[in-house]
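**Q** just need the structure, nothing else, for what follows:
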Amino acid sequence: MDFPLLQDIVILLGFSVLVVFILQRFRLPSILGFLMTGFIIGPYGFSLIENHEQVEVLSEIGVILLLFVIGMELTVSQLASIKRTVLYGGFVQVGLSIAVTTGVFLLLGLPWNVSVFIGFLISLSSTAIVLKILQDRNEISAPHGRTALGLLIFQDIIVVPMMLFTPLLAGSSSNVGEEILMLLVKSGLIILLTYVAARYLVPKALYLIAKTRSKELFLLSTITLCFTVAFLTASAGLSLAFGAFLAGLIISESEYSYQATSMILPFRELFISFFFISIGMLLDMDFFLRHFGLILLLVLAVFVVKGSIIAIATAVLKYPLRTILLTGLALFQIGEFSFILSRIGLEQGLLTPEMNQYFLSVSVISMLFTPFIIIFSERISSFFLSSGIRKPLQLLTAKPKYSDHSLLKDLENHLIIIGYGINGNNLAKAAKYAGIPYVILELNAEMVKTERAKGEPIYYGDAVHEHILDRVKVKKARVVVVAISDPQATKIIVANIRHLSSSVFLLVRTRYVKEIETLLALGADEVIPEEFETSVEIFSRVLSNYLVPVDELESLVDSIRADNYEVLQSKKRHPKTLTSSRIPDFKITCVRIMADRGEVTGKTIEEADIRKKFGVNVLAIERKDTMINRVTPDLKLLKNDRVFISGDQEHIESFFKAVN
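**A** Predicted structure coming up:
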């Protein structure tokens, strides 16, 4: 028997495993491997795939599942209250990208509708590649990482209206006004149905399905909902992708969205790999080589123009110059959703096959360059910041505004907090409680405005610049705490602080223990890594629950911190710090009496014979907010009493069953 599709899938997956494995050795994203696999096995490479149409069908499923998961990760309430970064920054970035691109291509003589459509394509960046790289580099919570995430969320949402609007640009209808009205009516009805289904229908249906405890039924129901809504929207003249996105939104409003997402993700990863491989297969290598120079010139133009527009959008959010540059460098490429749009444009006649090849070549090359640009983004931004280009670039940035100059002038022996996240916020509260003078530096202009209105001594400024540190009197400070999420910026700040002052006590918060040595070498006095402090807190609670003596526990914690957490990192055996040869099987806990009657309820301790029957000792009883510490044999145990008992786990469990 001959199974041509199965043969194609084996070739496709086999080559992708090999290529992705090689790229992973160089820590490059899997998506690049899928694109390269497409080059190799496609019709313009070794032509190993026979059923191109069937592979494209599989890739369409990948697109549907991709948008379905994006919809599940958002909620209607989140969309109704989109944050400032997403709304303002995203609108400026996408709007400017479309406007500038349209203007350029109009000057080149292309029709207005084609020019606008090309603007659609160029305005979108790669969510998959950028977020994967930023996550791998621990920069997703850094200022430029958060800004990039906000802009990408806006792009992921705006792509749906773009898909709906593309047929209108192509002039598929003789009556454009009527077509737009019908489109708005259809969209309104579908959104209304989405809201009703999300609030009233689907949660109840999923509850009934979840009650069966059948994973197979839950998965089938989720997939059926996805493809049903996608089919209905396609039948109404809208896109499959839009329907999948709405289906995801419907499920996101239920309490089962996390379970649904976890079950769909493996399928999404499989089918989305088909999508990127199919994109690679579309790239005509012969065309690429014949127009190599022009394609690279276009990639450079996209890099400069789109990167600059993203920088402007970031500047609108009042971020400093370094964040502006890093965000622009991260999002300069053309993204995966542009491929979906280009297919629609090709079907509608907005792109010719030759234009599509130019677009594919520029897009794929920009995606291939992205990992390397992000890896070297810190060096590139440092070059700009130290060059003569810095002054004109500063016109984009918000100038730090310092009010209460007298407060800054009189600062001495104070605490400087850099970063006003959770750690910075809690530290400021503790400093205020202890009466310690402090000042805060923060990059989020909106947060600075809000907190200053509350009376906090907080100022807008980027601590990577020495003159900002000078303004908050770092030379006269007693302690500086660096509590930001950007590892690269943290290193620069530590070096700058130590350059300005050799005496100030410098404490740094970092996420990973591997960064401790570098930060200590740069001049930090103490480095607190979150990942191992969490581990220390967990094992401290566990060992204290096992009644390990407090002095021994504190000795263990101190030795681990003194060795820079090497005990927790190393796989080697270490000498035991605890002197106990055996952890006691002994526990103190609290049990509430819930039974109306039984072996214990309503009886005295002597009558119930608790020690003999259950093997536990009653230490105290809490009754109606009163603690009875003196426990006597004639003390009666009543319903709703909270009884504090001691014993081993097995006997405590026996007593718990008797009173419940």
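**Q** where along the chain do the strands fall?
**A** Per DSSP state E, the chain has strands spanning 415-418, 438-442, 458-460, 479-482, 505-510, 526-529, 587-592, 617-623, 626-628, 642-647. These are given in chain order.
**Q** contacts for stretch 294-303 next, please.
**A** Around stretch 294-303, the neighbours that count as contacts under Cβ atoms under 8 Å, 6 or more residues apart in numbering are 122, 288, 332-334, 358, 361-362, 365-366, 369, 373. C-beta here means a position set from N, CA and C on the backbone, and glycine is covered the same way.
**Q** by neighbours, which of these wins?
**A** Note: the member of the contacts of stretch 294-303 with the most neighbours is residue 333, at 29 neighbours, neighbours being other Cβ atoms under 10 Å.
**Q** wait, what's in contact with that residue?
**A** Applying Cβ under 8 Å, 6+ apart as the definition, the contact partners of residue 333 turn out to be 125-126, 129-130, 302, 363, 366-367, 369-370.
**Q** which among those gets closest to residue 659?
**A** Out of these, the one with the shortest distance to residue 659 is residue 130. That distance is 56.5 Å, counting by Cβ to Cβ.
**Q** what about the closest one, distance to residue 137?
**A** According to Cβ to Cβ, to the nearest Å, residue 130 and residue 137 sit 11 Å apart.
**Q** common neighbours of these two, please.
**A** The overlap between the contact sets of residue 130 and residue 137 (Cβ under 8 Å, 6+ apart) consists of residue 374.
**Q** more neighbours: which of those two?
**A** When neighbours are counted by other Cβ under 10 Å, residue 130 and residue 137 differ, and residue 130 comes out ahead with 26 against 17.
**Q** for the closest residue to the more buried one other than its chain neighbours, which residues are in contact?
**A** Taking Cβ to Cβ, 6 or more residues apart in numbering, and ignoring the residues beside it in sequence, residue 130 has residue 330 as its nearest neighbour in space, at 5.5 Å. Taking Cβ under 8 Å, 6+ apart as the definition of contact, the neighbours of residue 330 are 130, 134, 144, 148, 370, 373-374, 377.
**Q** max pairwise distance over those: which two?
**A** Every pair of these checked by Cβ to Cβ; the farthest is 144 and 370, at 14.3 Å.
**Q** where does pLDDT dip in the stretch 151-300 of the chain?
**A** Scanning the stretch 151-300 of the chain for pLDDT under 70 picks out the ranges 172-177, 179-180, 183, 237-239.
**Q** tell me where it has helices.
**A** Secondary structure of the stretch 151-300 of the chain, counting by DSSP state H, counting those that start in this stretch: helices at 176-196, 202-211, 215-235, 240-252, 257-282, 285-290, 292-316.
**Q** next, the buried residues of stretch 35-45.
**A** In terms of neighbour count (16 or more other Cβ atoms under 10 Å), stretch 35-45 has its buried residues at 35-42, 44-45.
**Q** residue 343: which of those residues is nearest?
**A** Looking across those and measuring by Cβ to Cβ, the closest to residue 343 is residue 38, at 14.7 Å.
**Q** and that closest one, how far from residue 224?
**A** When distance is defined by Cβ to Cβ, residue 38 is 30 Å away from residue 224.
**Q** also residue 63?
**A** With distances taken as Cβ to Cβ, residue 63 is found 18 Å from residue 224.
**Q** how about the contacts made by residue 42?
**A** Applying Cβ under 8 Å, 6+ apart, one finds that residue 42 lies in contact with 49, 280-283.
**Q** before we move on, back to that, highest neighbour count among the contacts of residue 333?
**A** Neighbour tally across the contacts of residue 333 (other Cβ under 10 Å): the maximum, 28 neighbours, falls on residue 125.
**Q** can you pull the contacts of it?
**A** Shown here is residue 125, whose contacts under the criterion Cβ under 8 Å, 6+ apart are 151-152, 155, 306, 310, 331-335.
**Q** which residue is nearest the centroid of this structure?
**A** Centroid-nearest residue in the chain: residue 140, 6.1 Å away (criterion: Cα atoms, centre = their mean).
**Q** what is the burial count for the nearest residue in space to it that is not next to it in sequence?
**A** If you skip the residues right next to it in sequence, residue 140 has residue 134 as its closest partner in space, 4.7 Å away by Cβ to Cβ, 6+ apart. In terms of burial, residue 134 registers 21 neighbours under the definition other Cβ under 10 Å.
**Q** and residue 134, what's its pLDDT?
**A** Taken from the predicted model, the pLDDT recorded for residue 134 is 80.
**Q** repeat that for residue 498.
**A** According to the per-residue confidence, residue 498 scores 90 in pLDDT.
**Q** compare residue 63 and residue 224 (neighbour count), which wins?
**A** Set side by side, residue 63 and residue 224 give different neighbour counts by other Cβ under 10 Å, the larger being at residue 63 (25 against 11).
**Q** the more buried one is in contact with residue 241, isn't it?
**A** Yes - assessed by Cβ atoms under 8 Å, residue 63 is found in contact with residue 241 at 5.8 Å.
**Q** what is in contact with the two at once?
**A** Listed contacts common to residue 63 and residue 241 are residue 340; contacts here mean Cβ under 8 Å, 6+ apart.
**Q** domains in the chain, by residue range?
**A** Taking automatic domain parsing as the criterion, the chain consists of the domains 4-379, 405-510, 587-658.
**Q** who's in contact with the residue lying closest to residue 616 once chain neighbours are set aside?
**A** By the measure of Cβ to Cβ, 6+ apart, the closest residue to residue 616 outside its immediate chain neighbours is residue 647, 3.7 Å from it. If a contact means Cβ under 8 Å, 6+ apart, then residue 647 has 586-587, 614-617, 655 as its contacts.
**Q** with residue 417 instead?
**A** Applying Cβ under 8 Å, 6+ apart, we find residue 417 in contact with 424, 427-428, 431, 438-441, 481, 483.
**Q** and the residues you listed, which is closest to residue 499?
**A** Nearest to residue 499 among the contacts of residue 417, with distances taken as Cβ to Cβ, is residue 441, at 16.7 Å.
**Q** neighbours around the closest one, how many?
**A** Neighbours around residue 441, by other Cβ under 10 Å: 26.
**Q** tell me the contacts of it?
**A** By Cβ under 8 Å, 6+ apart, the contact set of residue 441 is 416-419, 458-463, 468, 472.
**Q** if we use 6 Å, what do you get?
**A** Neighbour list for residue 441: 418, 459, 461, 463 [criterion: Cβ atoms under 6 Å, 6 or more residues apart in numbering].
**Q** partner residues bridging it?
**A** For residue 441, the beta-bridge assignment (DSSP bridges) gives partners residue 418, residue 459.
**Q** residue numbering should commence at 54 henceforth.
**A** Sure, I'll start numbering at 54, so the last one becomes residue 494.
**Q** quick one, grab the pLDDT at it.
**A** Reported pLDDT for residue 494: 92.
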